[in-house]
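1. pasting the sequence and the predicted coordinates here, then a few questions.
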Protein chains: 4
Amino acid sequence: MGASTYEYRGLEKEITPPEGRLGVLLPGMGAVSSTLIAGVHLVSAGLAHPLGSVTQMARIRLGKRDNPSYPLIREFVPLADLKDLVFGGWDIFPDNCYQSALTCGVIDKTTLQAVKEDLEAIKPWPAVFDHSFVKKLSGPNVKQAASKMELAEQVMRDIEDFKRRKGLDRLVMCWCGSTEAYQDVNTHPAFQTIESLEDALKENAAVIPPSMIYAYAAISMGIPYANGSPNLSADVPALVALAAQNRVPIAGKDFKTGQTLIKTIIAPGLKARMLGLSGWFSSNILGNRDGEVLDDPQSFRSKEVTKGSVLDSILQGDLYPELYGDFYHKIRIEYYPPRGDAKEGWDNIDIRGWLDQPMQLKIDFLCRDSILAAPVALDVILFLDLARRAGMSGIQEWLSFYFKSPMCRPDLTPVNDLFAQDKKLRNTLRIIRGEEVIDHSGLDYYEDAD
Amino acid sequence: MGASTYEYRGLEKEITPPEGRLGVLLPGMGAVSSTLIAGVHLVSAGLAHPLGSVTQMARIRLGKRDNPSYPLIREFVPLADLKDLVFGGWDIFPDNCYQSALTCGVIDKTTLQAVKEDLEAIKPWPAVFDHSFVKKLSGPNVKQAASKMELAEQVMRDIEDFKRRKGLDRLVMCWCGSTEAYQDVNTHPAFQTIESLEDALKENAAVIPPSMIYAYAAISMGIPYANGSPNLSADVPALVALAAQNRVPIAGKDFKTGQTLIKTIIAPGLKARMLGLSGWFSSNILGNRDGEVLDDPQSFRSKEVTKGSVLDSILQGDLYPELYGDFYHKIRIEYYPPRGDAKEGWDNIDIRGWLDQPMQLKIDFLCRDSILAAPVALDVILFLDLARRAGMSGIQEWLSFYFKSPMCRPDLTPVNDLFAQDKKLRNTLRIIRGEEVIDHSGLDYYEDAD
Amino acid sequence: MGASTYEYRGLEKEITPPEGRLGVLLPGMGAVSSTLIAGVHLVSAGLAHPLGSVTQMARIRLGKRDNPSYPLIREFVPLADLKDLVFGGWDIFPDNCYQSALTCGVIDKTTLQAVKEDLEAIKPWPAVFDHSFVKKLSGPNVKQAASKMELAEQVMRDIEDFKRRKGLDRLVMCWCGSTEAYQDVNTHPAFQTIESLEDALKENAAVIPPSMIYAYAAISMGIPYANGSPNLSADVPALVALAAQNRVPIAGKDFKTGQTLIKTIIAPGLKARMLGLSGWFSSNILGNRDGEVLDDPQSFRSKEVTKGSVLDSILQGDLYPELYGDFYHKIRIEYYPPRGDAKEGWDNIDIRGWLDQPMQLKIDFLCRDSILAAPVALDVILFLDLARRAGMSGIQEWLSFYFKSPMCRPDLTPVNDLFAQDKKLRNTLRIIRGEEVIDHSGLDYYEDAD
Amino acid sequence: MGASTYEYRGLEKEITPPEGRLGVLLPGMGAVSSTLIAGVHLVSAGLAHPLGSVTQMARIRLGKRDNPSYPLIREFVPLADLKDLVFGGWDIFPDNCYQSALTCGVIDKTTLQAVKEDLEAIKPWPAVFDHSFVKKLSGPNVKQAASKMELAEQVMRDIEDFKRRKGLDRLVMCWCGSTEAYQDVNTHPAFQTIESLEDALKENAAVIPPSMIYAYAAISMGIPYANGSPNLSADVPALVALAAQNRVPIAGKDFKTGQTLIKTIIAPGLKARMLGLSGWFSSNILGNRDGEVLDDPQSFRSKEVTKGSVLDSILQGDLYPELYGDFYHKIRIEYYPPRGDAKEGWDNIDIRGWLDQPMQLKIDFLCRDSILAAPVALDVILFLDLARRAGMSGIQEWLSFYFKSPMCRPDLTPVNDLFAQDKKLRNTLRIIRGEEVIDHSGLDYYEDAD
């Protein structure tokens, strides 16, 4: 590909360097948050490796295959250093981060000792909570206010105090709380414009979930916001508009970790080979708080929606009615306490090949929920901070790689194929740095183009 | 991407239309060949669907995501019609193709009835066979000659007779025979130049396996050649040079079907997410003739080599020593008669995530060897015929998608990632038709480039 | 064991020979019944083997290990010959047995041809049906009557007609219909005495399910009755009393076929080795009518109860609180149409060993519902006929081997361990024939007893 | 069963109480031994539970089902108390037991701290070792002597010193060393009589493996001997005769732990239900020293023989040719270092049911080698000590429950069915204590015998 013909030239960015400290705001300080925070401290201390994190581990190919270079992504684009991260958050339980990490049981006690002091210093602020959105939980550490707008203002004050007290240069918020009851974006006119949302907040409308209050607070303050759950949160026209108006990058929704990660790896493979699909049955067993919350049908419904749509989007049944026009997709999440945070995703996939012959693919993923989610949260936080410094705002579709249900421009179909997402992320980085994109064609190695 | 800046312009091709009949030459008429032939007849008769075949089923996206079109690949590039295929082949057993299909048991008898006459008419010519390369088999239908060059000449005469008798316009050869004992390309100087190879053929050198004799015959006659097995066959400098000299497209080697297909789907996913790998144990049980042949350690060694290298190539342990520098990869193929052509590939994958925590991914693929291989053979045959008509010659790396051990330019690293291979294939088709490539970046949907 | 000391002498039976024809009455003529009937005809014609049937295939050891004999069970005790079975039944769909077998898809069409005529001749009588007990089904072939007692009388007339028309010597009824909504035996006083039940039948009490009406009809007529489903049916004090009064042998309930069969194989093994249990998660996917019926929570509840109690009964958590006092047992049945009658039972078992170390056992059973159930139905039918001819009446606990929730004397704990059940069945046969029981002790082979 | 007719009366035993200390002699102090020793200390200290041990955890039912009692086995028969066990052993590596336990990695370091001192005090004596029997290992801590008889005498001196030094009352030896190269019992006349064996020991015959030298030493000294490996060891006529002559109880061979344990649970279940078997494929992956030793084909062969015969013995293919006359049984053990002592046994079982329909059962056992073996070793040791005190000698077939390849009287077929073995063990205990055996018949609960 000749440099002179490079067509993405106008998308190269000036990027402000990541100087000073980056405050990381976490609504929900359970298993994911405590694993993230403990992990960042352990990695910074050289006591563990940040596996699973693209920002910390991955390299990016530049140049052609016969003369490539492979810089680390974190050297290719200027990312905040782990040592500069400062964590704060909210939770309905008052446990400090060390206690929370112990309770979750993701990291063993011996390992946690090394960062005990750091974790003990992190105590959650009282949370915005609404039992009608999370039926299976209740806790004492919650905010009280006359209206949801006042709750949002309390959250903003928490943030301002935190910023001032810790001397922070920049902030990012990332929702790591529970899955709320399912809501369609069209549920209520309140979600459609900035004004209608603000009115509803003031009027304390029942339709507004806690996660949307946090998102409103962050975006109002110009703070990048990511949503790691299937909650509506920032995924409504009102908040997309507010993000555009305030030049704030946002990303979501629902971290792609265990079974759906595997699903978006396997499905593109089956489709590439034009293997038909008759059915896909997915069962999950897990025993952590997440499993408990999802034992409520309304919360499960939220998860089911984000998990369910990926196959349709990848397989394009409308284009391929004989292959993917009529498969049966069923997803189950089962609360199973013996496993704790360890999780097992079992998939049975009924496929069809040449002459319509049936075959079966079975996948058993013995994984760990928070171990998969923590590096995803870290990457999203660091890339949103990068986007902010690069002057990018609104929906960051190039971060689709990290989400079960990626936000995108309303007239586009979301991309769920992990490999298309991966190329999108990497080519976006290449483009904003003025490097050539990679398209894997390669015919030019064998024949000279003009 | 602006059309005016299109940088692959010089690689667009004039393609001769696929008029007349295409002869398909198959050394080895066992399970894969008979499933292919019966299938093509059943599909042509409207009695079954060609699932698993990209040339028959797949569409290709053209244009941008907000205004795409999705033509069928077989309409986007001019491919031979299934009705124009005429099959011929060689085998050490004299059974006609109907008998062979019955014996293999891949397609049930009732279904086979509909194409019985067509299949019975296909009788294998006596094969070039050398027991020292395939220890577990022997059969009566074999050629006798004073030298391997004379064997090659007998093969050429079979082809010429076939072409004349059937009134064929063009030909393609695709090796569907057994796995031969392992040979390194550097085993012998005979493999290095056209002259040394021809001398060795005349001198009846023991080092030359049957599959290489077929490849030599085809390429000498200007016939595109594909190699569906791990045999050296055409993958030696001498035959690559002969292909270049005769302007013949070639492709290989070892059809990527069951477990390795899955491996090259999963491994890129793990790597995209920077999940570390501690070990990958792959066991296969199968009961067909292929399984019997691979019960011989020398034949297994050939298979082990093509199956084994894919992980190293995808994971790049040299770039990622902490993640992939030291994983244990073990492959087993077990002959297990109760299964017949049905095959089971069981993979256990030991991975590591955030803070080095271990997780396990287990995959059980209840597949069918020939059902997966037949459409791959069909695609490779049709695409090689296309390449020939488009004036493309030598190694067709864009067909890597179909092979466990893709041939490529010696100074390049082969691409084993199924998704990079898929993009390579599709972008190559776009390029030779003068369409824009797709790179999945997408930032331009959100920000206008200059 | 010295013959002179044989302590079961009084339990030896006079057994009337199985002369004449045995009528088999089947309420419910879906997958299980049609597979049973087609199978009996195929086996009688020498076209298939009755695998899975103890009455047809099994041998029984007599004598000591150093001089044993192994007669076939069907020669050791006088059982009805398959050729003497005559089938009749009821169903809410009017399809004859051939059509029903085709629809169910258990046996392939080619095989069914051989017995087509026999099966077509079997047309179901209109069924007793009550939609409130089976929410997911409805069909046109149903009886109408003023009361449930009249429905029972219609059933009795069907039976009398059948017996006379076919010239039958003896009859057995075996419920092979759908699972009804859950009912506790104590739900209603109507279930407690013969009188209260007869009153309730006359008063058309809503609490009486169809399966109980069939059971009442059979037992009233002196016909042995077996219950292959989890329905209450004959498992109420009123019908146990009626069976005793009429000297009718009865057995139930819920055929032990797929996952529960495996569970009662594995659990006794874990217990024998004193391996602790933390959790047992069982998921099933199946796509036949049974799966559809169980998609209704009330019908599922019936199944859950019979499936659920086996572990408690086998593991004796009260005796072993450290091992089995607190395990988590969860059962799921998922309707999954791509599988049809083929069924997959997936079990994850979390166990603990020496020093409380956790281990996991995972079982994936790719089975076929009706293929497992049909021989169980056959055995139960033939053994009940034997019991009748041997003068045995009331609950036949020795047939526990075949049931998920075995009926037994109320003051005894049911035996669910498959191996204890197997020994119970075989030693019962030995006892009624006056042979010595086998207790596996064997010390006498090494040391002489006095 | 009436007490007056009890026919095993003569087999009741006088049992000497287990007073004083019991020395436990362990040739091989690797993973199994160190896990056993550490575990006994941890359990004695109340820091862990002896799960998996019948002697420590199990109860035994006495009396009839309507009035049973369930004493603990260790209270029903007089067993040595764990606090009275004193361990000693031999190994080719000089590491003390604490170091060995750390290296094996079965028990985590934190847990081991509590018993560190006890374990450090146990240092292995130099071992009898012969590289030709264990190709994959070599170590420095080995005995030197002019003949194998002298090696045996050195072992006896170690034992005498140990007994005197520790003030031991009784001793038991249990082989916990590596698997030796395969030998058939008929390999050599030396194995046939006491005299021929002693001559061969003196003549230093190559055919005598180390494990036989230990067995000879123990049995000569009147010490009960158990063999936890597939080695020939005591399983030769010469040593069986010596055991009889010296009134020593012996037991073997090859602890039944992971996959074979499951196999002898599942196979009796399939057979009880007369389900046919087409094939059984068993693969194991493990990464400990045991896995490394079995990577040698000769050692593997020993294991294959003991693992392989269980199916034939349970299924009786001669009696059931249609069901079990021609199944394909294949066993693989794969050294796979990523797993360490954790082990995975994967079984695929191809079965056939009603009308010969195929089904599949797949079992994945994520187990831990030494965690399963340690309690088996403990039970065998304690029961052999019991046998000795009860005056029982020679082969203790009632301990078959613990072995892959149980020793038994040459004219009897070994019993491999775990449930028959379990009944044998329990009824033997009942018999020697004068309690009634249990035969599971139960007809007497329903009908009165004379």
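-> Right, received. Where do you want to start? Worth saying up front: this structure is predicted, and the values here are computed from it rather than measured.

2. list the strands paired with whichever helix or strand A:Phe365 is part of, with their directions.
-> Secondary structure assigned from DSSP states H and E places A:Phe365 in strand A:357-368. Here strand A:357-368 is paired, per DSSP bridges, with strand A:342-353 (antiparallel), strand B:357-368 (antiparallel).

3. deepest in the core, which of the ones you listed is it.
-> Between the strands paired with strand A:357-368, the one whose residues have the most neighbours on average, counting mean count of other Cβ atoms under 10 Å in any protein chain shown, is strand A:342-353 (a mean of 24). For glycine as for every other residue, the C-beta is placed from the backbone atoms N, C-alpha and C.

4. pLDDT of that one, averaged?
-> Mean pLDDT, computed over strand A:342-353, is 94.

5. and stretch A:77-97, by the same measure?
-> For stretch A:77-97, mean pLDDT is 96.

6. quick check, it touching chain B?
-> No. Stretch A:77-97 is not in contact with chain B by Cβ under 8 Å from any Cβ of the partner chain; minimum separation 12.8 Å.

7. in that stretch, what counts as buried?
-> Buried positions in stretch A:77-97, judged by neighbour count with 16 or more other Cβ atoms under 10 Å in any protein chain shown: A:77-80, A:82, A:84-93, A:95-97.

8. from those residues, which are also near chain D?
-> Intersecting the buried residues of stretch A:77-97 with the surroundings of chain D, defined as Cβ under 8 Å from any Cβ, gives nothing.

9. among those residues, which ones are in helices?
-> Assigned to helices by DSSP state H, the following of those qualify: A:Cys97.

10. end to end on stretch A:190-209, go ahead and measure it.
-> Its first and final residues considered, stretch A:190-209 spans 12 Å by Cα to Cα, to the nearest Å.

11. which residues belonging to that stretch are considered buried?
-> Of the residues in stretch A:190-209, A:Ala190, A:Phe191, A:Ile194, A:Ser196, A:Leu197, A:Glu198, A:Ala200, A:Leu201, A:Ala205, A:Ile208, A:Pro209 count as buried by neighbour count, 16+ other Cβ under 10 Å.

12. off-centre distance for the helix or strand harbouring A:Lys271?
-> A:Lys271 belongs to helix A:259-272 when elements are defined using DSSP H and E. A distance of 18 Å separates the C-alpha centroid of helix A:259-272 from that of its chain, computed with Cα atoms, centre = their mean, to the nearest Å.

13. extract the C-alpha set from that helix and format it as CSV.
-> Extracted C-alpha coordinates of helix A:259-272, given in CSV (Å, rounded to 0.1, in the frame of the first residue of the first chain):
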residue,chain,number,x,y,z
GLN,A,259,-19.4,-17.3,27.3
THR,A,260,-20.3,-14.4,25.0
LEU,A,261,-16.6,-13.9,24.4
ILE,A,262,-16.3,-17.5,23.2
LYS,A,263,-19.5,-17.1,21.2
THR,A,264,-18.2,-14.2,19.3
ILE,A,265,-15.0,-16.2,18.6
ILE,A,266,-16.8,-19.3,17.4
ALA,A,267,-19.7,-17.9,15.5
PRO,A,268,-17.5,-15.9,13.0
GLY,A,269,-15.5,-19.1,12.4
LEU,A,270,-18.6,-21.2,11.6
LYS,A,271,-19.9,-18.4,9.4
ALA,A,272,-16.6,-18.0,7.6
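
14. who's in contact with A:Met57?
-> Taking Cβ atoms under 8 Å, 6 or more residues apart in numbering or on different chains as the criterion, A:Met57 is in contact with A:His49, A:Pro50, A:Leu51, B:Met274, B:Tyr320, B:Glu322, B:Leu323.

15. mind listing what the nearest residue to A:Gly252 once chain neighbours are set aside touches?
-> Nearest-residue entry for A:Gly252: A:Asn227, 3.5 Å, with adjacent residues in sequence omitted and distances by Cβ to Cβ, 6 or more residues apart in numbering or on different chains. Listed by Cβ under 8 Å, 6+ apart, the contact partners of A:Asn227 are A:Cys174, A:Trp175, A:Ser211, A:Ala215, A:Ser233, A:Ala234, A:Asp235, A:Ile250, A:Ala251, A:Gly252, A:Lys253, A:Asp254.

16. was I right about A:Lys148 contacting A:Ser211?
-> No. No contact is recorded between A:Lys148 and A:Ser211 when judged using Cβ atoms under 8 Å, the distance being 11.8 Å.

17. these two: which has the busier surroundings?
-> Comparing A:Lys148 with A:Ser211 by neighbour count (other Cβ atoms under 10 Å in any protein chain shown), the higher total belongs to A:Ser211, at 29 against 25.

18. hang on, the earlier thing: so for C:Ala121, which of the strands paired with strand A:357-368 sits nearest?
-> Across the strands paired with strand A:357-368, C:Ala121 has its closest neighbour in strand A:342-353 (36.3 Å, Cβ to Cβ).

19. check the offset of that closest one from the chain's centre.
-> For strand A:342-353, the gap between its own C-alpha mean and the chain's C-alpha mean amounts to 23 Å (Cα atoms, centre = their mean).

20. please tell me how far the residue nearest to the spatial centre of chain A sits from chain D.
-> The C-alpha lying nearest the average C-alpha coordinate of chain A belongs to A:Phe255 (Cα atoms, centre = their mean; 3.6 Å). When Cβ to the nearest Cβ, to the nearest Å is the yardstick, A:Phe255 and chain D sit 27 Å from each other.

21. A:His188 too?
-> Per Cβ to the nearest Cβ, A:His188 is found 48 Å from chain D.

22. show me what the helix or strand of chain A with the lowest mean pLDDT is packed against.
-> Lowest mean confidence among the helices and strands of chain A (mean pLDDT, DSSP states H and E): helix A:289-294, at a mean of 76. In this structure, helix A:289-294 makes packing contacts with helix A:297-315, strand A:328-335, judged by 3 or more Cβ pairs under 8 Å, 6 or more residues apart in numbering or on different chains; DSSP states H and E.

23. now what about it, what contacts it?
-> A:30-31, A:104, A:134, A:136-137, A:178-179, A:285, A:299-300, A:303, A:333-337, A:343, A:369.

24. near chain B, which residues of the stretch 101-250 of chain A?
-> Contacts of the stretch 101-250 of chain A with chain B, taken as Cβ under 8 Å from any Cβ, map to A:Ile107, A:Thr111.

25. still on that earlier bit, now the buried residues of stretch A:190-209 in JSON lines, with secondary structure?
-> Output for the buried residues of stretch A:190-209, formatted as JSON lines (DSSP: H, G, I helix; E, B strand; the rest coil):
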{"residue": "A:Ala190", "secondary structure": "helix"}
{"residue": "A:Phe191", "secondary structure": "helix"}
{"residue": "A:Ile194", "secondary structure": "helix"}
{"residue": "A:Ser196", "secondary structure": "helix"}
{"residue": "A:Leu197", "secondary structure": "helix"}
{"residue": "A:Glu198", "secondary structure": "helix"}
{"residue": "A:Ala200", "secondary structure": "helix"}
{"residue": "A:Leu201", "secondary structure": "helix"}
{"residue": "A:Ala205", "secondary structure": "coil"}
{"residue": "A:Ile208", "secondary structure": "coil"}
{"residue": "A:Pro209", "secondary structure": "coil"}
